[in-house]
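Colleague: Here is a sequence together with a model predicted from it:
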Number of protein chains: 4
Amino acid sequence: MIIKDEIWGTIEFDDFEKRIIDTPDFQRLRRIKQMSFTNLVYPGANHTRFEHSLGTAHLSGLISERLGLDDDTKKKVKLYGLLHDIGHTAFSHEGEDVVSRLIGDHESLGEKRMKSGPLADVLRENYKPQEILELSKKKEGQIVETDIGADRMDYLKRDALNTGVAYGVIDIDRIIHTLALEDEELVIAKGGLEAAESLLVARFMMFSAVYLHHTVRIATAMLGRAITYSIDDDAVDAKDFASLTDDDAMNAMKRSKKAKPYVDGLIERTLFKEVLSAQNNKSGRKMAEVAASRIRQQFSCEAIVDLPSPIFKPIDFKVKTGDGTKPIMELSELVSSLKSSEERRMKVLVLVPPEQRDKAKLFYENSSNLNQ
Amino acid sequence: MIIKDEIWGTIEFDDFEKRIIDTPDFQRLRRIKQMSFTNLVYPGANHTRFEHSLGTAHLSGLISERLGLDDDTKKKVKLYGLLHDIGHTAFSHEGEDVVSRLIGDHESLGEKRMKSGPLADVLRENYKPQEILELSKKKEGQIVETDIGADRMDYLKRDALNTGVAYGVIDIDRIIHTLALEDEELVIAKGGLEAAESLLVARFMMFSAVYLHHTVRIATAMLGRAITYSIDDDAVDAKDFASLTDDDAMNAMKRSKKAKPYVDGLIERTLFKEVLSAQNNKSGRKMAEVAASRIRQQFSCEAIVDLPSPIFKPIDFKVKTGDGTKPIMELSELVSSLKSSEERRMKVLVLVPPEQRDKAKLFYENSSNLNQ
Amino acid sequence: MIIKDEIWGTIEFDDFEKRIIDTPDFQRLRRIKQMSFTNLVYPGANHTRFEHSLGTAHLSGLISERLGLDDDTKKKVKLYGLLHDIGHTAFSHEGEDVVSRLIGDHESLGEKRMKSGPLADVLRENYKPQEILELSKKKEGQIVETDIGADRMDYLKRDALNTGVAYGVIDIDRIIHTLALEDEELVIAKGGLEAAESLLVARFMMFSAVYLHHTVRIATAMLGRAITYSIDDDAVDAKDFASLTDDDAMNAMKRSKKAKPYVDGLIERTLFKEVLSAQNNKSGRKMAEVAASRIRQQFSCEAIVDLPSPIFKPIDFKVKTGDGTKPIMELSELVSSLKSSEERRMKVLVLVPPEQRDKAKLFYENSSNLNQ
Amino acid sequence: MIIKDEIWGTIEFDDFEKRIIDTPDFQRLRRIKQMSFTNLVYPGANHTRFEHSLGTAHLSGLISERLGLDDDTKKKVKLYGLLHDIGHTAFSHEGEDVVSRLIGDHESLGEKRMKSGPLADVLRENYKPQEILELSKKKEGQIVETDIGADRMDYLKRDALNTGVAYGVIDIDRIIHTLALEDEELVIAKGGLEAAESLLVARFMMFSAVYLHHTVRIATAMLGRAITYSIDDDAVDAKDFASLTDDDAMNAMKRSKKAKPYVDGLIERTLFKEVLSAQNNKSGRKMAEVAASRIRQQFSCEAIVDLPSPIFKPIDFKVKTGDGTKPIMELSELVSSLKSSEERRMKVLVLVPPEQRDKAKLFYENSSNLNQ
């Protein structure tokens, strides 16, 4: 099967892969947006986990080819790339965060889908599901999952194209040409250092401009409430939630009286507004809690304290130099500056319904003046 | 308001335009895909009428600026671009074709939304709706609507980017620099001829590779049945249909027993298959009708005869030469070849449910041999 | 050796290919511009035969790989692509046209360089030159040379990028995926028809907007005179000319008193101007000759009659359909319209020195009025 | 005059600007490559100061427009952008570094060309040269010259396109939309911080991958010797050198016996090779000097100690925040990491003629072992 991808051009899947793709489990990914409600800020961000999964598989295959893996391993790595997001709930990470608190993380959902159901039925014709799943603990699995792996490269390029944010430009060619499988892990050769730095900076820039954009965070906070409230209300069962698509979930949540205003706000883009943003440290969080609590009391309205999620995890892959492999953090001041840069940009927000913003802000500013 | 668009980069709207965009009527366009079920073939094609409307407005504004229109006209033309698709039903053209047969075309739906409701309320603060609507009859309206206008240029570039089909590359700059408003109409200067040709060829190529792709046509035919059957069944009222989003409509149609198999087929991508394709002329259509009728009889299954829609309308804008303005068809053999090229590519298809295809095809081939 | 190419990204050459590239014969291509004086109109057009040769080799290798050729043939085809322009004189085609009239065409110059000298010395380590040269008569050689081959695809993309002309966008992926070697020749499968059409249209567009641009033709005509005059004058020997680079040739031609004004005009961009352009048919050519002759008489100045070269040769590759292979001209109205479109655009020009233009034009217009 | 630029598309110049461009002083920039011998490593890097000057003028005009400058100032800023490199010698910075040591820096050459000669004659019709030159001391001049100004943005994008290095992608739109003229200087609004960071990181990446590429440095070091030697030899006069084009200079330098081997090496790409690279600190520089001196003694060959030039100057523009303007170095850990990152990458090199490399390296390694 030949597919035209907006990032990678003409990409190919063999008959077995095609049959995996044709299962309802996989087709469901067509209806889960990659970036959830980011399209409320970047209107082009309507791409889905389906496209991303195809792209990740393609790139995993390319890297495996380049690394000279044997045919059987190549096929497994490509499948692992294809299925790496199969356990996603609606709304990608946003849904997961809530659901995983209640019923376990997305890896276990993915595991389930690979072990029983229509997808598993096809998979078992050629493999034991465990053969694919165990790649997560092997160095070959890093082809998909590491910081310079296929998953990251695909989503950075795809998110950049669809948001129109020009930061996500990466020299994929160069990275693919310089990756190497050492005894224990996937590393990059010294000659790929600039390309790897560039990828990590691109990721940081995307976080800064897109993933941590305040309006995106507001939409996410509203969505989080909508999911939680609708499960509390029994409008939807947490277990069932895991199988819904974005739109199924929106419809289900509307049935919850408590969740409905949030759902409607997301649909009509009448979003909560920011009253206060503070550094994400002890005193900043304290200040936010106090402010929110006073606003709630004063106006009998909701005031959400939104803590940033530490989505930008530590970067830990290694570079192969003349003196053995070394963590990239040791070799690149640029990369090691990213962690602290990110922290400085992750603010605690206090959010209120739009119609309350002006008076809440005035009240907060006056009361904080009083306090000084 | 500044928006980052995947095609045009940073684009701007003033406060009044922002308030138009923030109405539920306009926000609804976020949930109507530009290319309906084309994403079943080109997985990246998830962009919406919302983005396209913003882009068309932006480009309409640019062209008006370039043509030196007065400020008031510029604003009206930009609004006209912004609202040109406001009347769209779910599934863009596919929904419209069915609904317009029952309740009138999308222009009249658009007219309604501009004359009453939340959008109209904002619009009336600055304009009489008629001032915007009447642009469709004025030469300034051609900035949005002509073959080399803002609507076409936006959708060609946007569809090309999101499908990954490289044909839709157009020298927008050049076209904008060479458009001119003559007494009666919008024309292009001689120096823009290649750019205009290139745009028309790009459009033809997109039609050939994307819009007329057989699988896209199959999905569209199934969708047409689903809409028709669900209205027949009273699962949804034709009038109400006009206000639904893509997903609302899918859900509504599922409630129709007759429509449900088509809806499910579209969701799980188990699509009808082609038994026969023939030239779209009298004898081809006859052959298709006969074949379909025999297949229905023989297998008691559905067999759809799908006629191509003449979507590629005659091209009629003019080029300004040393000898006065002339139709581009007269000046360019390339452009005049497009009409006949297109006709040759528009086939009549006979389609059957996937599980019937092999035997239906065998039956058809045998029976047509018998006839010879 | 890994090279970063502006079109194809990271491209690779093995040690033998690197040694070929490192010969002075090949390095000389760095100093021959791909598009000669086209940069007087499109300032970015400074790319060279060197880059183009590397790109053509890369693409020839890709196509050979895709077609499943054996290793030895693959290597030879890649070398054939690498060396296809090794015989070029200064100023690419413009120089050749003059020189070949005097000492034979560029194929024979290329043959010489592959048979003796530093390049031949390296080549002979692994091959008999004839093994590479004879590919021009074999179907595998079409991978480099046919209308949808590596040479064309490389130069169209490269010329488009460097001129900034957006027409040259081609779905290379698709073409590579649909090329096939039949018994006698390289053909394209039906599924590649749009992509092939698109390439041919792109080529036509580039001809129309760039290669046939009147100012480009004027510079070429001046260059032709400069070369001819400097050889007439014995400022440079035709045989020696064949080995010069662009700049060597400019310096050599300056030494000819007759050629110098043309060389200076090209350097300072004081170009001849057009007095008249006419259809390239018998009566048009006659009219041009008469006008030029009268202008020469009247003003004792030079008046060049510039005939267009039929650079856009007939297109003759085949498409593989259900009914056997067929010429693309039979299957595509679009492609068959290109030949006549091109003819209509190829004008005969009458050119005079810039300071003579206004009076020559006035004189011509008056005298032609008298004639009517 | 309308020009098609490979970066900015269709760009326009008025008649006065066109006449400036048409002077021999400006046309000369066509024959000075932007990146000198970088094309020995990145074969596409053949673009010139001519294109770059046009692009800088265009972008300077766009920014001035956006900042709402009055018409007269806009025109002057655009001219200032157009002429900012008019004083360049052959080989851009590489030539300048040598020549300026002997006869003064390129600003003064530029000043001369703007004060007398054919360019000055045209310029004086509308301006006193001083009106343009004094912009270098005014805040409006920063539109061209600051770290986020038109010159930098143009060359980063142009160098990236022509080298094929993907790092130079910058959100120009965003920067233009967020630049602001404060009382004293050009600053960027807070909302442009990511875009400015991205530009500075792109610049760093280009330095790291391209401008500081060891082979590029080797070619530059050879060129430096060739220029110095040919002036020493009186093959060319330092003053005359300032007016030569790249190719004139190559020809002139060939006449110097001492310079010729370097010139030939650059032409045939037989470059010096690296024996040693060391940190650019006191001990590294000492080590390099000692090694070079021993190699010279041992093999009676040249050994060049090449010190990196501190081309990446301190970054000092300001960002406008809620609390007044602040240096970007204070607000961005990312940007402040660039200076130290760069230092770490700037090595001292010891270079020898290619045929000496293997033995020199062996000798050096052995002798340095003895020393330990």
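Modeller: That came through, no problem. Numbers count the residues shown, from 1 in each chain, chains lettered A, B, ... in the order given.
Colleague: Surely A:Met206 and A:Asp159 touch.
Modeller: Yes. Assessed by C-beta atoms under 8 Å, A:Met206 is found in contact with A:Asp159 at 6.1 Å. Bear in mind the C-beta positions are built from the backbone N, C-alpha and C, glycine included.
Colleague: between these two, which one's more packed in?
Modeller: A:Asp159 (24 against 21; other C-beta atoms under 10 Å in any protein chain shown).
Colleague: Report the contact partners of that one.
Modeller: Contact analysis of A:Asp159 by C-beta atoms under 8 Å, 6 or more residues apart in numbering or on different chains lists A:34-35, A:45, A:47, A:165, A:168, A:206, A:210.
Colleague: Show me which residues of the helix or strand of chain A with the lowest mean pLDDT are buried.
Modeller: Lowest by mean pLDDT, DSSP states H and E among the helices and strands of chain A is helix A:92-103, with a mean of 73. The neighbour-count check on helix A:92-103 (16 or more other C-beta atoms under 10 Å in any protein chain shown) flags A:92-100, A:103 as buried.
Colleague: Now A:Gly9. Nearest residue, chain neighbours left out?
Modeller: C:Asp173 (4.4 Å; C-beta to C-beta, 6 or more residues apart in numbering or on different chains).
Colleague: Pretty sure the one you found sits in a strand.
Modeller: No. Under the criterion used here (DSSP: H, G, I helix; E, B strand; the rest coil), C:Asp173 is helix, not part of a strand.
Colleague: All the strands of the stretch 51-200 of chain A, residue numbers only.
Modeller: A:179-181, A:186-189 (DSSP state E, counting those that start in this stretch).
Colleague: Deepest-packed of those, please.
Modeller: Highest mean neighbour count among the strands of the stretch 51-200 of chain A (mean count of other C-beta atoms under 10 Å in any protein chain shown): strand A:186-189, with a mean of 22.
Colleague: Would you mind pulling up the elements that that one packs against?
Modeller: Counting contacts by 3 or more C-beta pairs under 8 Å, 6 or more residues apart in numbering or on different chains; DSSP states H and E, strand A:186-189 packs against helix A:172-178, strand A:179-181, strand A:318-321.
Colleague: Highest mean neighbour count across those, which stretch is it?
Modeller: helix A:172-178 (a mean of 21).
Colleague: Excluding chain neighbours, give the residue nearest to A:Ala221 in space.
Modeller: Distance criterion C-beta to C-beta, 6+ apart; nearest residue to A:Ala221, sequence neighbours excluded, is A:Asp306 at 4.6 Å.
Colleague: ditto for A:Phe241
Modeller: A:Val99 (5.6 Å).
Colleague: was I right about the one you found contacting A:Asp240?
Modeller: No. Counting by C-beta under 8 Å, A:Val99 does not reach A:Asp240; the two are 10.2 Å apart.
Colleague: Let's check: the centremost residue of chain A is which one?
Modeller: A:His93 (5.3 Å; C-alpha atoms, centre = their mean).
Colleague: With mean pLDDT as extra columns, can I get the helices and strands packed on strand A:186-189 in a markdown table?
Modeller: Formatted as a markdown table, those follow (pLDDT from 0 to 100):
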| stretch | mean pLDDT |
| --- | --- |
| helix A:172-178 | 91 |
| strand A:179-181 | 94 |
| strand A:318-321 | 92 |
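Colleague: Quick one: the ones you listed as CSV, columns for distance to D:Ala189 too.
Modeller: Converted to CSV, these look like this (distance: least, C-beta to C-beta, whole Å):
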stretch, distance to D:Ala189
helix A:172-178, 33
strand A:179-181, 40
strand A:318-321, 37
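Colleague: follow-up on the earlier one: quick one: contacts of the least confident helix or strand of chain A?
Modeller: A:32-37, A:49, A:88-89, A:105-106, A:220, A:223-224, A:227-228, A:231, A:238-239, A:241-242, A:249, A:309, A:311.
Colleague: try 6 Å this time
Modeller: The contact list for helix A:92-103 (C-beta atoms under 6 Å, 6 or more residues apart in numbering or on different chains) reads A:36, A:89, A:106, A:220, A:223-224, A:227-228, A:238-239, A:241-242.
Colleague: same check, this time on stretch A:269-279
Modeller: So stretch A:269-279 is in contact with A:40, A:214, A:218, A:265, A:284, A:287-288, A:291, A:347-354, A:357, A:360-361, A:364, B:27, going by C-beta under 6 Å, 6+ apart.
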